[in-house]
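[1] kindly generate the corresponding structure for this input.
(chains A, B, C and D)
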Protein chains: 2
Amino acid sequence: MRKQITIRELARLSGVSIGTVSRALNGYPDVGPDTRERILLLAEELDYTPAAAARTLVTQRSHVIGVFLETGRDHPHLQHPFFHEVLAGIKERLGAAGYDLLLFASEHPGNGFGPHSYLKRCRHHHVDGAILMGLTSDDVEVQRLGRSSLPCVSVDVELEGEQTSWVSSDSTQGARLAVKHLRDLGHKRIAHIAGPQETTPGMERLRGFQRSMQSLGLSYFDELVAYGDYYYDSGREAMVRLLEADDPPTAVFAASDMMAMGAMRAIQAAGLTVPDDIAVVGFDDIQVAAMAHPPLTTIRQEKGDLGTLAAETLLRRIESGEDTDTHLTLPVTLVARQSTLGEQGLSGS
Amino acid sequence: MRKQITIRELARLSGVSIGTVSRALNGYPDVGPDTRERILLLAEELDYTPAAAARTLVTQRSHVIGVFLETGRDHPHLQHPFFHEVLAGIKERLGAAGYDLLLFASEHPGNGFGPHSYLKRCRHHHVDGAILMGLTSDDVEVQRLGRSSLPCVSVDVELEGEQTSWVSSDSTQGARLAVKHLRDLGHKRIAHIAGPQETTPGMERLRGFQRSMQSLGLSYFDELVAYGDYYYDSGREAMVRLLEADDPPTAVFAASDMMAMGAMRAIQAAGLTVPDDIAVVGFDDIQVAAMAHPPLTTIRQEKGDLGTLAAETLLRRIESGEDTDTHLTLPVTLVARQSTLGEQGLSGS
DNA sequence: TTGTAGGCGTTATCAT
DNA sequence: ATGATAACGCCTACAA
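    Coordinates of the predicted model:
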């Protein structure tokens, strides 16, 4: 590898001191315009690249944000479309602000000794902040991270701590929109395929469902709730169970699009039709929701915006030390498609 | 933030020199067993965390791999399911080897001056290697990166350079499997929805399609080829055009699952049935392929393995300086589902 | 406006 | 087996 060009080298070649070069490069005002010009030109010419490591060492700021995104083989969150779209939003916003993302992959970085805790991994790389996704709040590591003084923002994870916020879509409102939509279509026996109750959205959507049923004048039955893990297969299995009820539902609200699609599959496999026999509403509006068959009515989360919001909240914490907004919520909207409307909906979508 | 614990601090507290601490921590043999024990215990106790920046500075190794993954709003590659599954494989393999991933997000990292080139961004962070996805080989930045001495591996991008490899699935074989499958089902007029011809897979799949048609004794017609951009909408539009042909095809092979699903939508919107009127084969086998309606017959890429392969190739380059294997290819398989088989296929899937 | 020098936390090379 | 000490590349008072 060709010899690296350092600030010292620039100093030597332009005949000024290394301090001056540093100031010129960093846009300090107290540098002669001619000197600056000369240095900038030379830097450009030699394709000088500052060394992040050196700067981090002295400034204690890395301009890197750590990202925790679980990729277990049991729950390949990294493969869950939802998180990707959020990640895209995060990446864009943080990139615009001059930050890069460190996607934590290793439990024993470098030649380390013993596995590093989340917090340790953050300190190791001197990240300026961290974003958590796809984890649960009962994770000890997560809690420890929250208690630290590192600015942290999570998506859908109830984080606690001084320098900590969490963002999420309004699950309660979403549940209400779904129930109301179905009720307006005349449904009375509405089932719910719930997400894992260890996750906040899973809990809130179920809770929201129960309350909305009541407040909208419908009867809620425990046997019309089945549980899944947000993924396709679990949705299918849950639906199979629901179909076995003495008095099966005429509509289902699932806590995720993937589960909703699994449910549709189960319904069709049972020889029934969506929405004529059973109407289905999902949650998320991931890209494939519109491609489902029939196209899935769903509660749309603004995933990109959620990422942007997470990024901005974190930036505010980092750059102006604000300590507010412990929980931010984004509104959701109902996207009505054929899985509830049937052919009449064809005009819209 | 609480005062950081450094090896200097450990040295002071354990009454040895800082050099000894460093050696003890890094497992050098020339350290008294008792001394080492004492130091390790103390480090554990104080939750000592090494500073990556400092180590990087002196060793010139960061144990971080740079990842370029485009997220333009026109082509939100980060949202293309294919890349995520590959990324998951990369992350897992590299993590096991002690590397973390730097997901480049910013064109002007830190307080930098002017936008950084890809190469510059890599040097800036001292990454030990880089992985490229979702870019095209006609990108000047990509080419420059390839020409550098930085170990690079790309997925589906034809990279050129000394320290460079690229991995991909065997598109030619895939095309052949698709055509053969359709021919075996009795199809003669087979259309192709091609990917962008600037991308290598797009080119190879089209080429493979043309050749296979010939070698399998079928006639190839230019008007039975339409072009898309791998995404859903483009597949639908392409299919609409194909349906307008004087003599429409009885089967379609699309260069991606998303396009294949778009094509199915167009077919169904035209009042036709898949596969009775037109059979459809995709490429990728992304998660939703099995959830499509009807479930999509497709050429399965081993996406996770592709990521693993990319990671391992890169590691070999980095750690043993091997300079071989400029292009590695992974076999693909045909997954037959109802979009070509119809109801008879129900037993299998 | 510019130069000097100390220090950020580690590793690595000498001695001892 | 251990201790000094010089880098690594950069920023930042403080002086000039």
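[2] please count neighbours and contacts with C-alpha atoms only from this point.
    OK.
[3] show the contacting residues for residue A:204.
    Listed by C-alpha atoms under 8 Å, 6 or more residues apart in numbering or on different chains, the contact partners of residue A:204 are A:171-172.
[4] hmm, I typed the wrong one, I wanted residue A:154.
    Each residue near residue A:154 by C-alpha under 8 Å, 6+ apart is listed here: A:131-133, A:165-167, A:310.
[5] in chain A, where is pLDDT below threshold?
    A:1-2, A:71-79, A:109-114, A:344-349 (pLDDT under 70).
[6] alpha carbons of the top helix by length along chain A, as CSV, please.
    Looking only at chain A and at elements set by DSSP state H, the helix with the highest residue count is helix A:303-320. Taking only C-alpha atoms (Å, rounded to 0.1, in the frame of the first residue of the first chain), the coordinates of helix A:303-320 have been written out as CSV:
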residue,chain,number,x,y,z
LYS,A,303,-40.9,3.1,7.9
GLY,A,304,-38.5,5.5,6.3
ASP,A,305,-39.8,8.3,8.4
LEU,A,306,-39.4,6.2,11.5
GLY,A,307,-35.8,5.8,10.6
THR,A,308,-35.4,9.5,10.0
LEU,A,309,-37.1,10.2,13.3
ALA,A,310,-34.8,7.9,15.1
ALA,A,311,-31.8,9.5,13.5
GLU,A,312,-32.9,13.0,14.2
THR,A,313,-33.7,12.2,17.8
LEU,A,314,-30.3,10.7,18.3
LEU,A,315,-28.6,13.6,16.6
ARG,A,316,-30.3,16.0,18.8
ARG,A,317,-29.1,14.1,21.8
ILE,A,318,-25.6,14.0,20.5
GLU,A,319,-25.1,17.4,19.2
SER,A,320,-27.1,19.6,21.5
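[7] just to revisit the earlier point, and which of the contacts of residue A:154 is nearest residue A:271?
    residue A:133 (38.0 Å; C-alpha to C-alpha).
[8] burial of the closest one, as a residue count?
    As a burial measure, residue A:133 scores 19 neighbours (other C-alpha atoms under 10 Å in any protein chain shown).
[9] does residue A:44 belong to a helix, a strand or coil?
    Residue A:44 carries the three-state label helix when classified by DSSP: H, G, I helix; E, B strand; the rest coil.
[10] now for it, how many residues are close by?
    Neighbours of residue A:44 (other C-alpha under 10 Å): 13.
[11] and if you look at the one 4 residues further on?
    Residues within reach of residue A:48, counting by other C-alpha under 10 Å, total 19.
[12] how about the contacts made by the closest residue to it other than its chain neighbours?
    What sits nearest to residue A:48 in space, not counting adjacent residues and going by C-alpha to C-alpha, 6 or more residues apart in numbering or on different chains, is residue A:5, at 5.7 Å. By C-alpha under 8 Å, 6+ apart, the residues touching residue A:5 are A:46, A:48-49.
[13] three-state assignment of residue A:252?
    Reduced to three states with three-state DSSP, the structure at residue A:252 is strand.
[14] what does the stretch 51-200 of chain A put close to DNA strand D?
    By C-alpha under 7 Å from any atom of the strand, the residues of the stretch 51-200 of chain A that approach DNA strand D are A:51-52, A:54-55, A:57-59.
[15] let me know the helix or strand that residue A:334 is in.
    Counting by DSSP states H and E, the element that carries residue A:334 is strand A:333-335.
[16] ok, that strand: who's next to it in the sheet?
    Using DSSP bridges, strand A:333-335 pairs in its sheet with strand A:297-300 (antiparallel).
[17] got the contact list for the partner strand?
    Residues from elsewhere that reach strand A:297-300 (C-alpha under 8 Å, 6+ apart): A:174, A:177-178, A:257, A:280-285, A:289, A:332-340.
[18] 10 Å - rerun?
    Outside of strand A:297-300, the residues that reach it under the criterion C-alpha atoms under 10 Å, 6 or more residues apart in numbering or on different chains are A:169, A:171, A:173-178, A:181, A:253-257, A:260, A:279-286, A:289-290, A:331-341.
[19] check the offset of that strand from the chain's centre.
    Centroid displacement of strand A:297-300 relative to its chain, using C-alpha atoms, centre = their mean, to the nearest Å, is 17 Å.
[20] likewise for stretch A:164-173?
    In terms of C-alpha atoms, centre = their mean, the gap separating the centre of stretch A:164-173 from the centre of its chain is 11 Å.
[21] stretch A:304-315 too?
    Using C-alpha atoms, centre = their mean, the offset of stretch A:304-315 from its chain centre is 9 Å.
[22] quick check: buried residues in that stretch?
    Using 16 or more other C-alpha atoms under 10 Å in any protein chain shown as the test for burial, stretch A:304-315 gives A:304-315.
[23] domains in chain A, by residue range?
    For chain A, automatic domain parsing gives the domain ranges A:7-59, A:64-168+A:304-329, A:171-301+A:333-345.
[24] can I get the ones you listed in TSV including distance to DNA strand C?
    TSV is the format used below for the domains of chain A (distance: least, C-alpha to the nearest atom of the strand, whole Å):
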stretch	distance to DNA strand C
domain A:7-59	3
domain A:64-168+A:304-329	8
domain A:171-301+A:333-345	36
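[25] same list, those, but as CSV with distance to residue B:31 please.
    Formatted as CSV, those follow (distance: least, C-alpha to C-alpha, whole Å):
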stretch, distance to residue B:31
domain A:7-59, 28
domain A:64-168+A:304-329, 16
domain A:171-301+A:333-345, 47
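[26] out of the ones you listed, which comes closest to residue B:25?
    Nearest to residue B:25 among the domains of chain A is domain A:64-168+A:304-329; the distance by C-alpha to C-alpha comes to 7.6 Å.
[27] may I have the distance across the closest one, first residue to last?
    Between the start and the finish of domain A:64-168+A:304-329 there is a gap of 25 Å, counting by C-alpha to C-alpha, to the nearest Å.
[28] figure out how far it is from the centre of its chain.
    Domain A:64-168+A:304-329 has its C-alpha centroid displaced from the chain centroid by 9 Å (C-alpha atoms, centre = their mean).
[29] same question for stretch A:5-18.
    For stretch A:5-18 - counting by C-alpha atoms, centre = their mean - the centre lies 44 Å from the chain centre.
[30] hang on, the earlier thing: and the furthest pair within the contacts of residue A:154?
    Within the contacts of residue A:154, two members stand farthest from each other by C-alpha to C-alpha: A:133 and A:165, at 12.5 Å.
[31] intersection of neighbour lists for the two?
    Overlap between the neighbourhoods of residue A:133 and residue A:165 consists of A:153-155, A:157, taking contacts as C-alpha under 10 Å, 6+ apart.
[32] counting neighbours, which of these comes out on top?
    Within the shared contacts of residue A:133 and residue A:165, neighbour counts (other C-alpha under 10 Å) peak at residue A:153, which reaches 31 neighbours.
[33] contact partners for whichever residue of the stretch 201-349 of chain A sits closest to chain B?
    The stretch 201-349 of chain A approaches chain B most closely through residue A:293 (5.4 Å), counting by C-alpha to the nearest C-alpha. By C-alpha under 10 Å, 6+ apart, the residues touching residue A:293 are A:261, A:264-265, A:274, A:338-339, B:265, B:291-294.
[34] how about a markdown table for those residues, with secondary structure added?
    Listed next are the contacts of residue A:293 as a markdown table, based on three-state DSSP:
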| residue | secondary structure |
| --- | --- |
| A:261 | helix |
| A:264 | helix |
| A:265 | helix |
| A:274 | coil |
| A:338 | helix |
| A:339 | helix |
| B:265 | helix |
| B:291 | helix |
| B:292 | coil |
| B:293 | coil |
| B:294 | coil |
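[35] quick one, strands of chain A?
    Listed in chain order, the strands of chain A (DSSP state E) span residues A:64-69, A:100-103, A:129-133, A:152-155, A:164-169, A:190-194, A:225-227, A:251-254, A:279-284, A:297-300, A:327-330, A:333-335.
[36] circling back to that earlier point, which of the contacts of strand A:297-300 count as buried?
    Neighbour-count burial within the contacts of strand A:297-300 applies to A:169, A:171, A:173-178, A:181, A:253-257, A:260, A:279-286, A:289-290, A:332-341; the criterion is 16+ other C-alpha under 10 Å.
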